[in-house]
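*Asks:* Turn this into a model:
(chains A, B, C and D, ligands or ions: 4)
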There are 2 protein chains.
Amino acid sequence: MQRLADRGLRLTQQRRCIVAQIGAQEAHFDAEDLVSSLAAGDDRVSRATVYRLLPVLVEVGVLREVMRFGSRREFEPVEASEHHEHLVCERCGAVIEFRDQALEDAIESAARKRGFEMHRHSVEMVGLCPRCARAQARAEEDRS
Amino acid sequence: MQRLADRGLRLTQQRRCIVAQIGAQEAHFDAEDLVSSLAAGDDRVSRATVYRLLPVLVEVGVLREVMRFGSRREFEPVEASEHHEHLVCERCGAVIEFRDQALEDAIESAARKRGFEMHRHSVEMVGLCPRCARAQARAEEDRS
DNA sequence: TCCTAGCTGAGACTGTGTCTCAAATCTAGC
DNA sequence: GCTAGATTTGAGACACAGTCTCAGCTAGGA
Ligand SMILES: [Zn+2]
Ligand SMILES: [Zn+2]
Ligand SMILES: [Zn+2]
Ligand SMILES: [Zn+2]
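*Replies:* Ligands and ions are numbered 1, 2, ... in the order given. Below is the predicted model:
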């Protein structure tokens, strides 16, 4: 909230509700998640207001937009969650978050090497999580 | 085209046109790029047919879907384009493709370390390209 | 308290992608 | 080559995510 005030933005009741609701979300969420959570509660915040605030929160550094294959824009809080990358399981849909310093270093280095001033980055790995990889292997064994 | 026949899919005139048009595209393209390119030519292929074929081409391994921040689904050919990562400039919109073996190794290693069977991955770096970074620095100098 | 720039809500609008179904067409089998 | 029948197509309706408009409201400074 303070970040908003610092930019001369007003601390309206709606914005307080949205920010509070973001705190109650899972690590990843999208605008519709917020809209329905807010609708379920007693707070009255319109869809337009939610959609309007999210880019602002990215701008002031409260949220980060997450890269995706799907159709909805996804966000995650910047604070309270160290930067991390994502493993997405193709079979069960699980999203595993992880942090790997060697990988971060390699990314920084690749950007610097090309004269690029990197502001943010995102790595997404798609495949099979350990559990599904085992299940898959077992299924193939049975078939043969 | 052969990949389609192998799956028992028909080699229609429309599918030939679409595949040919994909060959004429830039490295990255989306469904609307194809629709308008085809409309400009003499080929008559409906939007629905283009949208229907793209997931099929991903399925048979001709295309790969690219992860993105934007709103349109993007694709790129699997063959004829070595795997690479992306630098996206926030200011001029340029997309710089690059390949970095150290980065690839770090990614492979991070996945293996977590028991993940990785099928594909995608790295997107967002910031300022060398040209825009210089322009930005110059602008800030002038202001002070 | 009053003033006003900034904010909000409702719903129209846009862009992207999917679905429906009658008509067209590909392919196998003759 | 012809025929039959399953697949594919095209046009437009539909669905979904997100943006915009504008009249009315409100936070917050004077
Ligand atoms: Zn899994
Ligand atoms: Zn995350
Ligand atoms: Zn640039
Ligand atoms: Zn690429």
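*Asks:* list the helices and strands the lowest-mean-pLDDT helix or strand in chain A packs on?
*Replies:* None of the helices or strands of chain A scores lower by mean pLDDT, DSSP states H and E than helix A:130-143, at a mean of 76. Identification of packing neighbours for helix A:130-143 by 3 or more C-beta pairs under 8 Å, 6 or more residues apart in numbering or on different chains; DSSP states H and E yields no helix or strand. All C-beta spots, glycine's among them, are computed from the backbone N, C-alpha and C.
*Asks:* Looking at the record's assignment, how would you partition chain A?
*Replies:* Domain assignment of chain A by automatic domain parsing yields the ranges A:1-81, A:82-144.
*Asks:* Same list, those domains, but as JSON lines with mean neighbour count and distance to DNA strand D please.
*Replies:* Compiled in JSON lines, those are given as follows (neighbours: other C-beta atoms under 10 Å in any protein chain shown; distance: least, C-beta to the nearest atom of the strand, whole Å):
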{"stretch": "domain A:1-81", "mean neighbour count": "15", "distance to DNA strand D": "3"}
{"stretch": "domain A:82-144", "mean neighbour count": "15", "distance to DNA strand D": "16"}
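*Asks:* so what's the backbone phi/psi at whatever residue of chain A ends up closest to ligand 4?
*Replies:* Among the residues of chain A, A:M67 lies closest to ligand 4, at 13.4 Å counting by C-beta to the ion. Per-residue torsions, A:M67: phi -70, psi 150 (degrees, to the nearest 10).
*Asks:* how close does it get to B:F98?
*Replies:* Distance, A:M67 to B:F98, using C-beta to C-beta, to the nearest Å: 17 Å.
*Asks:* Does the residue of chain A closest to ligand 4 touch B:M67 like I think?
*Replies:* Yes: taking C-beta atoms under 8 Å as the definition, A:M67 is a contact partner of B:M67 at 4.9 Å.
*Asks:* so what sits against both of these two?
*Replies:* Counting by C-beta atoms under 8 Å, 6 or more residues apart in numbering or on different chains, the shared contacts of A:M67 and B:M67 are A:S122, A:E124, B:S122, B:E124.
*Asks:* A:F98 pairs with what?
*Replies:* As for beta bridges, A:F98 partners with A:E85 under DSSP bridges.
*Asks:* What's the separation between it and B:V126?
*Replies:* 20 Å.
*Asks:* With A:L9 instead?
*Replies:* 24 Å.
*Asks:* repeat for A:H119
*Replies:* Taking C-beta to C-beta as the measure, A:H119 falls 6 Å from B:V126.
*Asks:* what is in contact with these two at once?
*Replies:* Joint contacts of A:H119 and B:V126 (C-beta under 8 Å, 6+ apart) are B:E90.
*Asks:* So A:L38 sits against A:V50, correct?
*Replies:* Yes: counting by C-beta under 8 Å, A:V50 is a contact partner of A:L38 at 7.2 Å.
*Asks:* Quickly list what's touching both of these two.
*Replies:* Joint contacts of A:L38 and A:V50 (C-beta under 8 Å, 6+ apart) are A:I18.
*Asks:* neighbouring contacts of the strand ranked longest in chain A?
*Replies:* Determined from DSSP state E, the single longest strand within chain A is strand A:117-128. Residues outside strand A:117-128 that contact it (C-beta under 8 Å, 6+ apart): A:64, A:66-69, A:85-91, A:103, A:107-108, A:111-112, A:133, A:136, B:67, B:87, B:90, B:107, B:110-111, B:116-128, B:133, B:136.
*Asks:* need the contact list for the residue found closest to A:C129 once you drop the neighbours it is linked to in the chain.
*Replies:* Leaving aside its chain neighbours, A:C129 sits nearest to A:C89 (3.9 Å; criterion: C-beta to C-beta, 6 or more residues apart in numbering or on different chains). By C-beta under 8 Å, 6+ apart, the contact list for A:C89 reads A:V95, A:I96, A:G127, A:L128, A:C129, A:C132.
*Asks:* and A:C89, how far is that from ligand 2?
*Replies:* 14 Å (C-beta to the ion, to the nearest Å).
*Asks:* Quick check: that residue vs ligand 3, distance?
*Replies:* Distance from A:C89 to ligand 3, by C-beta to the ion: 35 Å.
*Asks:* Thanks again, I'm all set now.
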